[in-house]
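[1] here is a sequence with its predicted model. Questions after.
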Amino acid sequence: MAKKQKKAIPKPAPTKHQLSKWQRQMRIRRVVIIAAAVFLASILSWVGYGYYKDVVEPWREVVIEVNGVPFTMEYYVKMLDGSTAFIDKATLLVQGDIIANEIAGHIIRTELLTQKAKNLSIVVSPAEIDARLKEAEMPDNEAFRDIIRAALLQEKIEGYFGSQLPDRMEQAHVQVMLVESQEVATGLIAEINAGGNFTTLAEEFSCNSSIEGDLGWLPKELMPNTLIANAAFNLTPGKISQPIYDETAIKNIGYWLIEVTDKQDEEIKARAILLGSEAEAERVKAELVSGNFSSLAMEYSQHESKTKGGELGWLKQGDMGSNAFDKVASNITANEVSEPVKDESVQTVGGYWLVRVIDKGVHELEEKVKERLIDKHFNDWFEEWNKNSTIENRLDEEKKTWAVTKVLERR
């Protein structure tokens, strides 16, 4: 006989009060969940923003821009790291600022070369860079690839300028010297015309060792300056120029007029006037008899003390950095002006050129002259482009220090 099933007792329906209570609990739960989610999102956003500001953003910042082409801090640090791979940490720490500036300059120069080379249809292929890296046994990284690319670009551009040069040009074979005064120049002209050897005399009397003696055959654009060039191409071969005054010429010589106004133990109180030639020093000394020392110093002296009327204050041996000055200043009588004191440890401006033309005319370009012409044409070409370019270097001291620190952290 089948068992009789129990009849299920239906659950009582929730009352309106219970429903209302459940709904309030659900709403509260949803509010709590949403609030927690918003709070968590805020925390994550704050942490993420801080991480971005402190870690991500500095690397993405554009620190150099060349004619609209940007370079980020990440690229700059890579270049700094790669270029200093063979430099130890201690050296990088001490010379970091200098090296950082050099790398910034390299980035700018490389980009300028790359942009300008396109006008000449000059490019460097990856294969050429690979070959040079292998030849130089350099690491194959982004920094060294860019260094090699810049070097190859310059070589190709110089090659282009070299191909534009003729084998022969109008040139002059000249001898030159810079002397301190018109009096010296006039005396030397007489001596040379009487048979004196120009180059031998230049060794004795020239005041600028970087431009003296026989310069050989040179085209006009390689002459040391416009004054020499004009004289060289206007003189008859065998002739020597009249003294040519050059107010900008730098001489490795000067003449002091020194007066010691007080002495105390091993110190002296002095004032001085620095002149460009012995003849000028003699003239100013003569004026001091009836003139005012301070006024004459302000008018004629080439020393920085001229603005103070030549006053040097209290001095010890060595303070002026001149043995010639010390030797006289320590021995002259107080309140008496010295005779002109020759000093080859100082520089003064203003002098007289003497130019002698051995020969001139169309002459074959010597290899060294050709190299100098190529360098000049390249430098003039690059400087013109550099001058007309828009370059922004935003690397201040703080950013350079940050970059160097990041490189050091990787070592």
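    Nice, I can see it.
[2] tell me who's in contact with the residue lying closest to S345 once chain neighbours are set aside.
    Nearest residue to S345 in three dimensions, chain neighbours excluded: S322, at 5.0 Å (C-beta to C-beta, 6 or more residues apart in numbering). All C-beta atoms are positioned from the backbone trio N, CA, C, and that covers glycine. By C-beta atoms under 8 Å, 6 or more residues apart in numbering, the contact list for S322 reads W256, D343, S345, V346.
[3] and of these, the nearest to K308?
    The closest of these to K308 turns out to be W256 (C-beta to C-beta; 15.7 Å).
[4] can you pull the pLDDT of V32?
    V32 is assigned 68 on the pLDDT scale.
[5] so K116 touches E383, yeah?
    No - the criterion here is C-beta atoms under 8 Å, and K116 misses it with E383 at 11.1 Å.
[6] which residue ranges form the helices in the stretch 151-300 of the chain?
    Taking DSSP state H, counting those that start in this stretch, the helices of the stretch 151-300 of the chain run over residues 182-193, 198-205, 226-234, 278-288, 293-300.
[7] just so I know, which of the ones you listed lies nearest H173?
    The nearest among those, by C-beta to C-beta, is helix 226-234 at 8.8 Å.
[8] between K116 and E383, who's got more neighbours?
    K116 (19 against 10; other C-beta atoms under 10 Å).
[9] residue ranges of the strands in this protein, please?
    62-66, 69-72, 168-179, 213-219, 244-251, 254-264, 267-275, 311-315, 341-343, 348-364, 391-393 (DSSP state E).
[10] out of the ones you listed, flag the one nearest K134.
    strand 69-72 (26.8 Å).
[11] buried residues in that closest one, which are they?
    F71 (16 or more other C-beta atoms under 10 Å).
[12] pull out the CA atoms of that strand and give them to me as CSV.
    Output in CSV follows, covering the C-alpha atoms of strand 69-72 (Å, rounded to 0.1, in the frame of the first residue of the first chain):
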residue,chain,number,x,y,z
VAL,A,69,62.9,66.8,-34.1
PRO,A,70,62.5,65.8,-30.4
PHE,A,71,64.9,63.8,-28.2
THR,A,72,63.6,62.4,-25.0
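[13] name the helices or strands packed onto that strand?
    strand 62-66, helix 89-117 (3 or more C-beta pairs under 8 Å, 6 or more residues apart in numbering; DSSP states H and E).
[14] can you give me the pLDDT of G96?
    pLDDT at G96 comes out at 88.
[15] what about it, how many residues nearby?
    So G96, with other C-beta under 10 Å, has 20 neighbours.
[16] surely it and V404 touch.
    Yes - applying C-beta under 8 Å as the test, G96 and V404 come out as touching, 3.9 Å apart.
[17] got the contact list for E111?
    Counted by C-beta under 8 Å, 6+ apart, E111 has contacts V66, N67, V69, F71.
[18] show me what the last one bridges to in the sheet.
    In other words, F71. I64 (DSSP bridges).
[19] domain map for the protein?
    Residue ranges for the domains of the chain, per automatic domain parsing: 65-164+380-410, 168-251+349-364, 254-346.
[20] okay if I get these as TSV plus distance to E371?
    Compiled in TSV, those are given as follows (distance: least, C-beta to C-beta, whole Å):
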stretch	distance to E371
domain 65-164+380-410	9
domain 168-251+349-364	11
domain 254-346	32
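[21] relative to K370, tell me which of these wins on proximity.
    domain 65-164+380-410 (7.0 Å).
[22] of the contacts of S322, keep whichever come out buried.
    Judged by 16+ other C-beta under 10 Å, buried ones among those: W256, D343, V346.
[23] list the contacts of W256.
    Contacts of W256 (C-beta under 8 Å, 6+ apart): 272-275, 281, 322, 324-325, 328, 338, 340-341, 343.
[24] most neighbours of all these, which one?
    Most surrounded of those: other C-beta under 10 Å gives I273, at 30 neighbours.
[25] how about the contacts made by it?
    W256, L257, A281, V284, F293, L296, A297, Y300, S301, H303, K306, G310.
[26] one step back: out of the contacts of E111, who's nearest G187?
    Looking across those and measuring by C-beta to C-beta, the closest to G187 is V66, at 55.0 Å.
[27] quick one: pLDDT of M26?
    For M26, pLDDT reads 72.
[28] cool, K327 as well?
    95.
[29] that older thread, redo the contacts of I273 as a markdown table? Include pLDDT.
    Formatted as a markdown table, the contacts of I273 follow (pLDDT from 0 to 100):
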| residue | pLDDT |
| --- | --- |
| W256 | 98 |
| L257 | 98 |
| A281 | 97 |
| V284 | 97 |
| F293 | 95 |
| L296 | 97 |
| A297 | 97 |
| Y300 | 97 |
| S301 | 98 |
| H303 | 97 |
| K306 | 96 |
| G310 | 97 |
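[30] how close does the nearest residue to N225 once chain neighbours are set aside sit to V355?
    Counting by C-beta to C-beta, 6+ apart, D246 is the residue found nearest to N225 once chain neighbours are left out, at 7.3 Å. As judged by C-beta to C-beta, to the nearest Å, D246 and V355 stand 11 Å apart.
[31] now do the same contact list for A90.
    So A90 contacts nothing (C-beta under 8 Å, 6+ apart).
[32] state the distance from it to L188.
    Distance from A90 to L188, by C-beta to C-beta: 54 Å.
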